[in-house]
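[1] I'll drop the sequence and a predicted model, then ask my questions.
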Amino acid sequence: MKVLVTCPPMLGMIESFRPSFDAKGIGLTAPKVVQTLSVAELKELVPRHDGWIIGDDPASREVFTAGKAGKLKAAVKWGIGVDNVDFAACKDLDIPITNTPDMFGAEVADVAVGYVIALARETFQIDRGVRAGNWPKPRGISLAGKTVALIGYGDIGRNTAKRLLAADMKVIAHDPAASRLPAMAAVEFAQWPQRLTEADYIVVTCALTPSSHHMINADTLAMAKPGVRIVNVARGPIIDETALIAALESGHAHSAALDVFETEPLPAGSPLRQHPHCVFGSHNASNTADAVRRTSEIAIGKLFGFLGIQ
Ligand SMILES: NC(=O)C1=CN([C@@H]2O[C@H](COP(=O)(O)OP(=O)(O)OC[C@H]3O[C@@H](n4cnc5c(N)ncnc54)[C@H](O)[C@@H]3O)[C@@H](O)[C@H]2O)C=CC1
Ligand SMILES: O=C(O)C(=O)COP(=O)(O)O
């Protein structure tokens, strides 16, 4: 058996997993040079492997079809988001596939709340100013009593809500699955974009689906409260970046903290790069040693299970 691993976080610790593959006599391919492979590269590599642990690569029908024509028997998406993986193609081709849900709720919520605080107190502006030899003292806002519109009430959303409530913030959650999810008494639910006008913050923690694509756009931004602060720790295309830039430039939106972007890495020419009221991450909100280790172990276990490896 041979397994291909293409998820960047796991590549960083692949050598520590190699002995468990060797012990089972499984060949392990983990390309080190490129982190996100192209369709052409995947069509070449995937068919030569029995199993595939997928990262942020374009895991398209074309790739799975090529895999099925070769040796591919099963795949696991490392992590939560499956927007880059064609699950329907796997079903059609009879390739068992799953992801690793509920792995990063606490870690990504920590980053989301860090960004809420950074935007409230402009800590990133102070840092830039002090480094430049200035002594800036922007006047912030208090978190207590402010309202957050939380888009997505899954694992990350619920962990984020818990932390925001501890800061005495009010949370209004928007999630089409709300009635099936465990509720917290203090969290109110609303259909999107109802009650958006009340929100001092919009915090995005939902899956990227056709229904959430560009949920934050020129129309919904125009409905938002003047001075709204925006945090996105989920997926870039949930926000129309062109509309966000316009809202930041007009001052209607106060500021934005983005861990994820419509195109990653953020392109050199993106006007966001120049905007002073933004703070950025590098799609890194899940990246702690504990979380990466446990997710990798679970991904390997699920793949071995599919392949019938004890
Ligand atoms: N920045 C990062 O490094 C990370 C980002 N993510 C992203 O965060 C997303 C959420 O992760 P989890 O909470 O663990 O997943 P989850 O599956 O527990 O929750 C996702 C929630 O999004 C909701 N949703 C789907 N469409 C929606 C819409 N149109 N409006 C509002 N809610 C909608 C679903 O009903 C579900 O409750 C992942 O799908 C992934 O894309 C996940 C891990 C790390
Ligand atoms: O689990 C997710 O969806 C994440 O965003 C984190 O993992 P990734 O960087 O997509 O491999």
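    Good, I have the coordinates. The shown structure was predicted, so the numbers you read here are calculated from the model rather than taken from an experiment. Ligands and ions are numbered 1, 2, ... in the order given.
[2] get me the contact residues on this protein for ligand 2.
    Proximity of the chain to ligand 2, by Cβ under 6 Å from any ligand atom, involves residues 7, 9, 55, 56, 78, 79, 80, 81, 104, 283, 286. (Glycine included, C-beta is placed from N, CA and C.)
[3] now the residue nearest in space to the middle of the chain, what are its backbone angles?
    The centroid of the chain falls nearest to residue 234 when counting by Cα atoms, centre = their mean (3.6 Å). Backbone torsions for residue 234, taken as degrees, to the nearest 10, come to phi -100, psi -80.
[4] again with residue 278
    Residue torsions, per degrees, to the nearest 10, at residue 278 are phi -130, psi 150.
[5] burial measure for it, as a count.
    18 (other Cβ atoms under 10 Å).
[6] and the residue in the stretch 51-200 of the chain positioned nearest to ligand 2, how far from residue 283?
    In the stretch 51-200 of the chain, the residue found nearest to ligand 2 is residue 79; the distance is 2.5 Å by Cβ to the nearest ligand atom. With distances taken as Cβ to Cβ, to the nearest Å, residue 79 is found 11 Å from residue 283.
[7] which one's more surrounded, the two?
    Neighbours were counted for residue 79 and for residue 283 using other Cβ under 10 Å; residue 79 has more, 23 against 20.
[8] contacts only, for the one residue in the chain that gets nearest to ligand 1.
    Residue of the chain nearest ligand 1, by Cβ to the nearest ligand atom: residue 154 (1.7 Å). Shown in contact with residue 154 (Cβ atoms under 8 Å, 6 or more residues apart in numbering): 105, 175, 177, 181, 205, 206, 207.
[9] please redo it, this time with the cut-off set to 7 Å
    By Cβ atoms under 7 Å, 6 or more residues apart in numbering, the residues touching residue 154 are residue 206.
[10] do the same with residue 82
    Contacts of residue 82 by Cβ under 7 Å, 6+ apart are residue 99.
[11] what's the helix or strand for it?
    Assigned by DSSP states H and E, residue 82 belongs to no helix or strand.
[12] could you do the one 10 residues further on as well?
    For residue 92, the element it lies in under DSSP H and E is helix 87-93.
[13] quick one: buried residues of that helix?
    87, 89, 90, 93 (16 or more other Cβ atoms under 10 Å).
[14] got those residues as a markdown table, with pLDDT columns?
    Below are the buried residues of helix 87-93 laid out as a markdown table (pLDDT from 0 to 100):
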| residue | pLDDT |
| --- | --- |
| 87 | 98 |
| 89 | 98 |
| 90 | 98 |
| 93 | 98 |
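[15] right, and residue 80 touches residue 108 too?
    No. Applying Cβ atoms under 7 Å, one finds residue 80 not in contact with residue 108, separated by 8.6 Å.
[16] between those two, which has more neighbouring residues?
    The residue with more neighbours, out of residue 80 and residue 108, is residue 108; 25 against 20, by other Cβ under 10 Å.
[17] contact residues of the stretch 151-300 of the chain facing ligand 1?
    Going by Cβ under 6 Å from any ligand atom, the residues of the stretch 151-300 of the chain near ligand 1 are 151-157, 174-177, 181, 192, 205-209, 211-212, 215, 233-235, 259-260, 283, 285-286.
[18] sounds good, over and out.
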